[in-house]
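In: just the structure for this:
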Amino acid sequence: MQPFKFFRESNLRKFFAGIVKNFCRNIHNIITLYVIIGENPLKVGIKMTEVNVNLGENSYTISIGKNILGGVADFIADANKFGDKALIVTDTNAFKSGTSDLIDGFARRKIMFEVATIRAGETSKNLREADELYTCAIECGIDRHSCIVALGGGVVGDLAGFVAATFMRGVPFIQIPTTLLAQVDSSVGGKTGVNHELGKNLIGAFHQPKAVFIDIAKLRSLPDREIKSGLGEIVKYGIIRDAELFAYMEDNVEKILARDEDVLEHLIKRSCEIKAEIVSKDEKESGLRRILNFGHTFAHAIETETGYRKYRHGEAVAMGIISAAFMARELGKIDEADFLRIENLIDRLGMLTRCEDCEVEDLYYATFRDKKIIGGKIQWVLPTKIGHVETFVDISEKLIKQSFAAVLD
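Out: A predicted model of the protein is given here:
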């Protein structure tokens, strides 16, 4: 494919509008742009909040604000170590929602780039899609100094991060999460990977991003289902680490559902702070970081048994949280009052609390393909009170099945 050269700024948006219209239905759309235009019209009076992930030479900053994506190109160009070429990996949802500020920034800083677009959804998180991205990176001349930029939800971030971790034994990448779930969870911490038909995230690597840019404005166009999916992970943070955050959500349900941007920004910032603190202490999940798996053993079994198609990840996590809280209550680890607070908050936020089309036996056996098994034993992260969790093993088959049954229709 011949590169398109020397676009005028006035024609750039028209070009991308045509790309969206004609090519978004394809599995991968590769657009080569060598752009030389313009002055700097961006980053005037933009306010950002920063959260630092402290990992020595792998440290990075999470930037949170509104309409901040023009700054991604500035980060790449000003670092003077990422080269002048990038591969942007996105999906059909994120690409259609508008990327003009990001594209304008690349054009302004004269960074050459290509865009690879995958189909939106968990079914794209597989080795076949990764292979397509390897081919794209090779054909467009990505080298060890080039950045891979993940623009989209958790699927895009996990897949693009995995490609970045493994292409040429590791190239830099940047996370631009555009869904609430990705903003508060998957974009931070360096876990990358793809699914296998027998289990979720079984193939992957730890590979920290060089930066994370969270644009609150991108949440305005999300469907309600995507917002509610992200709320499941925020509830998780309150239960595992911050009782005040949990109480804040209880007190602000109406504002959360109305997408009050100040409230959402607070939730996102606090979630990132909690995850950054945990990851900074335990980057590769040798101990403390396991608490982030609260609800996820149940959730991954639900996702696996429904073929990664029926439920969003955050929806499965919400159901997994209820199952884990049920298990903790039955073991006498939390009292009835805390269990009801957890169940009621999830219900008030409008998240799914019941799982359809699953059988207890199938879900039970799916848990034994979970990647968190150590020495043949599942590590169950369970709450002892709101704001604190502990890890337990040797849970009976009967109780595991009862805990799944608590969310089944």
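In: show me the shaky parts of the stretch 201-350 of the chain.
Out: Low-confidence segments of the stretch 201-350 of the chain (pLDDT under 70): none present.
In: strands along that one, start to end?
Out: 211-215 (DSSP state E, counting those that start in this stretch).
In: helices of that one, start to end?
Out: Remark: helices assigned in the stretch 201-350 of the chain by DSSP state H, counting those that start in this stretch are 224-241, 243-251, 253-257, 261-281, 296-305, 313-330, 336-348.
In: Val51: which of these is closest?
Out: helix 261-281 (4.6 Å; Cβ to Cβ). (Glycine included, C-beta is placed from N, CA and C.)
In: follow-up on the earlier one: columns distance to Asp409 and mean neighbour count on top of the helices of the stretch 201-350 of the chain, output as a markdown table?
Out: Supplementary listing: the helices of the stretch 201-350 of the chain in a markdown table, determined by distance: least, Cβ to Cβ, whole Å; neighbours: other Cβ atoms under 10 Å:
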| stretch | distance to Asp409 | mean neighbour count |
| --- | --- | --- |
| helix 224-241 | 19 | 24 |
| helix 243-251 | 26 | 16 |
| helix 253-257 | 24 | 15 |
| helix 261-281 | 30 | 19 |
| helix 296-305 | 12 | 25 |
| helix 313-330 | 11 | 26 |
| helix 336-348 | 15 | 16 |
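In: can you redo the ones you listed as JSON lines with distance to Val188?
Out: Formatted as JSON lines, these follow (distance: least, Cβ to Cβ, whole Å):
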{"stretch": "helix 224-241", "distance to Val188": "11"}
{"stretch": "helix 243-251", "distance to Val188": "16"}
{"stretch": "helix 253-257", "distance to Val188": "20"}
{"stretch": "helix 261-281", "distance to Val188": "5"}
{"stretch": "helix 296-305", "distance to Val188": "16"}
{"stretch": "helix 313-330", "distance to Val188": "15"}
{"stretch": "helix 336-348", "distance to Val188": "23"}
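In: so which of these comes closest to Arg354?
Out: helix 313-330 (7.5 Å).
In: other SSEs contacting the closest one?
Out: helix 224-241, helix 296-305, helix 336-348, strand 380-385, helix 397-405 (3 or more Cβ pairs under 8 Å, 6 or more residues apart in numbering; DSSP states H and E).
In: tell me which residues of the following helix or strand past the shortest one come out buried.
Out: Which is strand 380-385. Once the chain leaves strand 380-385, the next helix or strand it forms, by DSSP states H and E, is strand 388-392. For strand 388-392, burial by neighbour count (16 or more other Cβ atoms under 10 Å) applies to 389, 391-392.
In: ok, strand 388-392: who's next to it in the sheet?
Out: strand 380-385 (antiparallel) (DSSP bridges).
In: what's the angle between the partner strand and helix 336-348?
Out: Relative orientation of strand 380-385 and helix 336-348, computed by axes from the mean of the first three to the mean of the last three Cα atoms, to 10 degrees: 110 degrees.
In: mind listing what's buried in strand 380-385?
Out: Per 16+ other Cβ under 10 Å, strand 380-385 contains these buried residues: 380-384.
In: and that strand with helix 397-405, angle?
Out: 70 degrees.
In: mind listing the helices for the stretch 51-200 of the chain?
Out: Using DSSP H, counting those that start in this stretch, helices in the stretch 51-200 of the chain cover 71-79, 92-96, 100-108, 127-139, 154-166, 180-181.
In: quickly note the distance from the residue nearest to Gly190 when sequence neighbours are not counted to Ser59.
Out: Distances taken as Cβ to Cβ, 6 or more residues apart in numbering put Gln208 closest to Gly190, at 3.8 Å, once the chain neighbours are dropped. Between Gln208 and Ser59 the computed distance is 8 Å (Cβ to Cβ, to the nearest Å).
In: need the residues touching each of those two.
Out: Listed as contacting both Gln208 and Ser59 by Cβ atoms under 8 Å, 6 or more residues apart in numbering are Val53.
In: same drill for those two, tell me which one is more crowded.
Out: Comparing Gln208 with Ser59 by other Cβ atoms under 10 Å, the one with more neighbours is Gln208, at 23 against 13.
In: measure that one to Leu331 for me?
Out: 36 Å.
In: check Gly375 too.
Out: Counting by Cβ to Cβ, the gap from Gly375 to Leu331 is 21 Å.
In: what's the answer for Thr179, then?
Out: From Thr179 across to Leu331, the span is 34 Å (Cβ to Cβ).
In: show me which of the two is the more surrounded one.
Out: Legend: neighbour count by other Cβ under 10 Å for Thr179 and Leu331, higher for Thr179 (29 against 16).
In: ok, back up a step: was I right about the residue nearest to Gly190 contacting Asn54?
Out: No - in this structure Gln208 lies outside contact range of Asn54 using Cβ atoms under 8 Å: 11.3 Å.
In: contact partners for Asp347?
Out: With contact taken as Cβ under 8 Å, 6+ apart, Asp347 is in contact with Thr353.
In: show the pLDDT at Asn11.
Out: For Asn11, the pLDDT comes out at 40.
In: what's around the closest residue to Lys210 other than its chain neighbours, how many residues?
Out: Leaving aside its chain neighbours, Lys210 sits nearest to Pro172 (4.9 Å; criterion: Cβ to Cβ, 6+ apart). Around Pro172 there are 22 other residues, counting by other Cβ under 10 Å.
In: show me what contacts the residue lying closest to Asn201 once chain neighbours are set aside?
Out: Nearest-residue entry for Asn201: Gly193, 4.7 Å, with adjacent residues in sequence omitted and distances by Cβ to Cβ, 6+ apart. Gly193 makes contacts with 125, 158, 161-162, 201-205, as judged by Cβ under 8 Å, 6+ apart.
In: can you rerun that using 6 Å?
Out: 158, 162, 201, 203-204 (Cβ atoms under 6 Å, 6 or more residues apart in numbering).
In: tabulate those residues (a markdown table), appending distance to Ala79.
Out: Listed next are the contacts of Gly193 as a markdown table, based on distance: Cβ to Cβ, whole Å:
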| residue | distance to Ala79 |
| --- | --- |
| Asp158 | 24 |
| Phe162 | 23 |
| Asn201 | 30 |
| Ile203 | 30 |
| Gly204 | 26 |
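In: quick revisit: next, the residue nearest to Lys210: phi, psi?
Out: Here is the backbone geometry of Pro172 (degrees, to the nearest 10): phi -70, psi 150.
In: ok, it touching Gln208?
Out: No - in this structure, Pro172 is not within contact of Gln208 by Cβ atoms under 6 Å, at 9.8 Å.
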